[in-house]
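Novice: can't give you the sequence, but here's the structure:
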């Protein structure tokens, strides 16, 4: 029996998936709250249409049900690494724009940034459990942004937060899929297998 199929590994995977689902749910709730604060503080319309933001990975995927567990984890990891860089950039821009005048928004951004970092680490832990190599972070981050006007920065931030909320939903869904026991063995499917 391979290490990935051992009962202790299956239990550990299920535990990590369960904790990840809870983390994703908490993160989504915090991002939704942050979106409300962000829209209000930035003077934006909550229904504003935002074009796809360069460097922001899209949570929507074609043929989601055909992805392997490893593909799901690797896409999630790449997305959260990109969000980590984007949120750090947003936090820096926020400090430059408002200084400490709006500490509440800065604290909320910093809290979500910490959650994103913790979630990325959690995904790495799942990949390590399956003896998968963790891809390096080189090239995972978004390209350096072009110089944007203040309004464009605000819209980009809105797009980043909206997509992060969608990723939190997708991540919980991906982790639920990974935690499902396979009908034949009663253990969680291996990450390389198709669901």
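Specialist: Looks like it came in fine. Quick caveat: nothing in here was measured; it's all calculated off a predicted structure.
Novice: Give the residue spans of the protein that score low on pLDDT.
Specialist: Residue ranges of the chain with pLDDT under 70: 1-5, 98-102, 132-133, 137-146, 182-195.
Novice: Which parts of it are strands?
Specialist: For the chain, no strands are identified by DSSP state E.
Novice: Have a look at it and report its longest helix.
Specialist: helix 7-42 (DSSP state H).
Novice: That one: which residues count as buried?
Specialist: For helix 7-42, a neighbour-count test (16 or more other Cβ atoms under 10 Å) marks 9-10, 13-14, 16-17, 20-21, 23-24, 27-28, 30-31, 34-35, 37-39, 41-42 as buried. Glycine gets a C-beta too; all of them are placed from N, C-alpha and C.
Novice: centroid residue for this structure?
Specialist: Centroid check for the chain by Cα atoms, centre = their mean gives residue 80 as the closest residue, at 3.9 Å.
Novice: burial of the residue nearest to that one when sequence neighbours are not counted, as a residue count?
Specialist: Nearest non-adjacent residue to residue 80, counting by Cβ to Cβ, 6 or more residues apart in numbering: residue 120, 4.1 Å away. Residue 120: 21 surrounding residues under other Cβ atoms under 10 Å.
Novice: One more: the one 4 residues further on?
Specialist: Other residues near residue 124 number 17, with proximity taken as other Cβ under 10 Å.
Novice: and what of residue 168?
Specialist: 26.
Novice: which one is it nearest to, not counting chain neighbours?
Specialist: Excluding the flanking residues, the one nearest residue 168 by Cβ to Cβ, 6+ apart is residue 28, at 3.5 Å.
Novice: wait, what's in contact with that neighbour?
Specialist: 165, 168-169, 172 (Cβ atoms under 8 Å, 6 or more residues apart in numbering).
Novice: make it 7 Å
Specialist: Going by Cβ atoms under 7 Å, 6 or more residues apart in numbering, residue 28 touches 165, 168-169.
Novice: do you know how far it is from residue 93?
Specialist: Residue 28 is 23 Å from residue 93, where distance means Cβ to Cβ, to the nearest Å.
Novice: go on, residue 80?
Specialist: Residue 80 is 20 Å from residue 93, by Cβ to Cβ.
Novice: Leaving out chain neighbours, which residue sits closest to residue 94?
Specialist: Using Cβ to Cβ, 6+ apart, the nearest residue to residue 94 is residue 106, at 5.5 Å.
Novice: number of nearby residues for the one you found?
Specialist: Neighbourhood size, residue 106 [other Cβ under 10 Å]: 18.
Novice: I'd guessed it sits against residue 92; true?
Specialist: No. Using Cβ atoms under 7 Å, residue 106 and residue 92 do not qualify as a contacting pair, with a distance of 10.1 Å.
Novice: List the residues that contact residue 111.
Specialist: Residue 111 makes contact with residue 30, according to Cβ under 7 Å, 6+ apart.
Novice: repeat that for 10 Å
Specialist: When contacts are counted by Cβ atoms under 10 Å, 6 or more residues apart in numbering, residue 111 touches 27, 30, 33-34.
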